[in-house]
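# structure, please.
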Amino acid sequence: MQYPLTLKFKFFALAPQIFVTDQTGNLIFYVKQKLFKLREQITVCADEAQTQQIYSISADRIIDFSARYHFRDRTGRELGSVKRKGMKSIWKAHYDIASGQSEAPILSIHEENPWIKIIDALFAEIPILGLFTGYFFNPTYLISRPDGSVVMHFSKVPAFWSRIFTLKPVDRMSEDEQQLAVLSLLMMILLERNRG
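Okay, the predicted model is just below:
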């Protein structure tokens, strides 16, 4: 992958849609979440027409705060999973990423500063001023190894009307780790999009 990656939500769409482009502006992933599904089922495609499915993301249970989301390639082979870290995620978003069939985390995603989310939610309720929160209060997430070393930096870009995120590597990672990190971040921003 050619970093930095840009993840952009489609602004006018009923179902959440994300376009992931690389440094050159080429579309590498297109994600569309289906509405009104009791059990999350998300497809990750190489094109907007959804003719080339690359990955699928599915929840292990029906609507649950601590569901585990499994990643599979186009052949159905399990690549890994991501899971929200229960009560710890209410205050500060925290997700554990596992590889293959194991549930032991190899990476984790955590919010750098949870106060940003709180300030954003408070200011969003103020008439007129609430229109500008997306420009001034932008969350940042760190992807790190179990020893605490940061390997990627994921942040929201200041914007008035759209949701745009950038992903930049900080340390060396294997291709499998990069793949799991990107899929986990896609699932995380779909889950976190209504939380500021």
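
# any idea which helix or strand comes after the helix or strand bottoming out on mean pLDDT in the chain?
Comparing helices and strands within the chain by mean pLDDT, DSSP states H and E singles out helix 88-91 as the least confident, with a mean of 63. The element immediately downstream of helix 88-91 (helix or strand, assigned by DSSP states H and E) is strand 94-99.

# report the distance from that next one to the chain centre.
For strand 94-99, the distance between its averaged C-alpha position and the chain's averaged C-alpha position is 12 Å (Cα atoms, centre = their mean, to the nearest Å).

# in its sheet, what does it sit against?
Using DSSP bridges, the strands paired with strand 94-99 are strand 78-84 (antiparallel), strand 105-111 (antiparallel).

# need the CA coordinates for that strand. CSV is fine.
This file holds the C-alpha atoms of strand 94-99, laid out as CSV (Å, rounded to 0.1, in the frame of the first residue of the first chain):
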residue,chain,number,x,y,z
HIS,A,94,-10.2,0.7,22.4
TYR,A,95,-10.2,-2.2,20.1
ASP,A,96,-8.0,-5.4,20.0
ILE,A,97,-6.9,-6.9,16.7
ALA,A,98,-6.2,-10.6,16.5
SER,A,99,-4.8,-12.7,13.7
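
# what's the closest of the strands paired with strand 94-99 to residue 176?
Within the strands paired with strand 94-99, the stretch nearest residue 176 is strand 78-84; the backing value is 7.7 Å (Cβ to Cβ). Every residue, glycine included, has its C-beta placed from N, CA and C.

# residues making contact with that closest one?
When contacts are defined by Cβ atoms under 8 Å, 6 or more residues apart in numbering, strand 78-84 is touched by residues 55, 65-73, 93-101, 103, 106, 109, 176, 179-180, 183-184, 187-188, 191.

# mind listing what's buried in it?
Residues of strand 78-84 classed as buried by neighbour count (16 or more other Cβ atoms under 10 Å): 79-84.

# circling back: would you mind listing which of the contacts of strand 78-84 are buried?
Burial by neighbour count, 16+ other Cβ under 10 Å: within the contacts of strand 78-84 this picks out 55, 67-72, 93-99, 106, 109, 179-180, 183-184, 187-188, 191.

# of the strands paired with strand 94-99, which is nearest residue 150?
Comparing these by their distance to residue 150 (Cβ to Cβ), the top pick is strand 105-111, with 9.9 Å.

# in this structure, which helix is the longest?
Residue-count comparison of every helix in the chain, with assignments taken from DSSP state H, identifies helix 175-192 as the longest.
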